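Visitor: The sequence and its predicted three-dimensional model are supplied below.
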Amino acid sequence: LKQARIDAGFSTAKAFAEQNNLKVSTFTLHEAGTRAMSLDVTEYYSKLLGINVNWLLTGVGPIERY
């Protein structure tokens, strides 16, 4: 999640969260891996970042930006 956020041009988790009207603390915990994400949240993040949800879930294969 962190790498996808950085690749999308957001230098901080706070900047990404604020631009997308997300709770900063929740997004930061998701990114750090200290709070589990539901599949719905994972799919939502993949849409916001314009990446393949399977890459976000596994980190395997191409990121496939669209």
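Guide: All right, it came through fine.

Visitor: Next SSE downstream of the strand or helix carrying residue 31?
Guide: For residue 31, the host element (DSSP states H and E) is helix 24-32. Remark: after helix 24-32, the chain's next helix or strand is helix 39-49, criterion DSSP H and E.

Visitor: Could I get the average pLDDT for that next one?
Guide: Confidence over helix 39-49 (mean pLDDT, whole number) is 96.

Visitor: packing partners for the following helix or strand past that helix?
Guide: Per DSSP H and E, the first helix or strand lying C-terminal to helix 39-49 is helix 53-58. Contacts defined by 3 or more Cβ pairs under 8 Å, 6 or more residues apart in numbering; DSSP states H and E place helix 53-58 against helix 39-49. C-beta: built from backbone N, CA, C; applies to glycine.

Visitor: just checking, what packs against the helix it packs on?
Guide: helix 2-7, helix 53-58.

Visitor: Could you report the neighbour count for residue 22?
Guide: 19 (other Cβ atoms under 10 Å).

Visitor: tell me the SS of it?
Guide: Secondary structure, DSSP: H, G, I helix; E, B strand; the rest coil: residue 22 is coil.

Visitor: could you list every residue that touches it?
Guide: Residue 22 makes contacts with residue 16, as judged by Cβ atoms under 8 Å, 6 or more residues apart in numbering.

Visitor: roughly how far apart are it and residue 34?
Guide: According to Cβ to Cβ, to the nearest Å, residue 22 and residue 34 sit 16 Å apart.
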